[in-house]
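# this is the structure alone, sequence omitted:
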């Protein structure tokens, strides 16, 4: 979790428009361990990123204008190499 979260905070979060509102929450003992969840919203998109303590990561985005889920991925610990591409896709969606 720490690696994914540090990567997000250092390289991804600064690129997200200031029009998004962030809310952090924490939950203990979920499906994949403890989770830190970032919920984000703007007038056009809402979503969440779950940073699990057992190295799982989930990204979910809904486009409110389209009324459709535009990103919904769950990365297992053996898919860690795919996470940077997932964050790149997230940035594409949030900037569109």
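Arrived safely, thanks for sending. This one's a predicted model, so the numbers in the text were calculated from it and none came from an experiment. Residues are numbered from 1 along each chain as shown.
# the least confident helix or strand in the chain by mean pLDDT packs against which elements?
Within the chain, no helix or strand scores below helix 2-7, which has a mean of 87 by mean pLDDT, DSSP states H and E. Counting contacts by 3 or more Cβ pairs under 8 Å, 6 or more residues apart in numbering; DSSP states H and E, helix 2-7 is packed against helix 83-95. Bear in mind the C-beta positions are built from the backbone N, C-alpha and C, glycine included.
# can you give me the mean pLDDT across the helix it packs on?
For helix 83-95, the mean pLDDT works out to 97.
# still on that earlier bit, contacts for the least confident helix or strand of the chain, please.
Applying Cβ atoms under 8 Å, 6 or more residues apart in numbering, the set of residues contacting helix 2-7 from outside is 36, 51, 55, 57, 80, 83-84, 87.
# ok, stretch 70-86 next?
With Cβ under 8 Å, 6+ apart as the contact definition, stretch 70-86 has outside contacts at 3-4, 7, 45, 47, 54-63, 89-90, 93.
# buried subset of those?
When neighbours are counted using 16 or more other Cβ atoms under 10 Å, these contain these buried positions: 4, 7, 45, 47, 55-63, 90.
# with distance to residue 70 and secondary structure added, can I get those in TSV?
Converted to TSV, those look like this (distance: Cβ to Cβ, whole Å; DSSP: H, G, I helix; E, B strand; the rest coil):
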residue	distance to residue 70	secondary structure
4	21	helix
7	22	helix
45	8	strand
47	9	strand
55	25	coil
56	21	coil
57	17	strand
58	15	strand
59	11	strand
60	9	strand
61	5	strand
62	7	strand
63	5	strand
90	10	helix
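# between which two of those residues is the distance greatest?
Spanning the widest gap among those are 55 and 63, at 28.3 Å by Cβ to Cβ.
# nice, that's everything, thank you.
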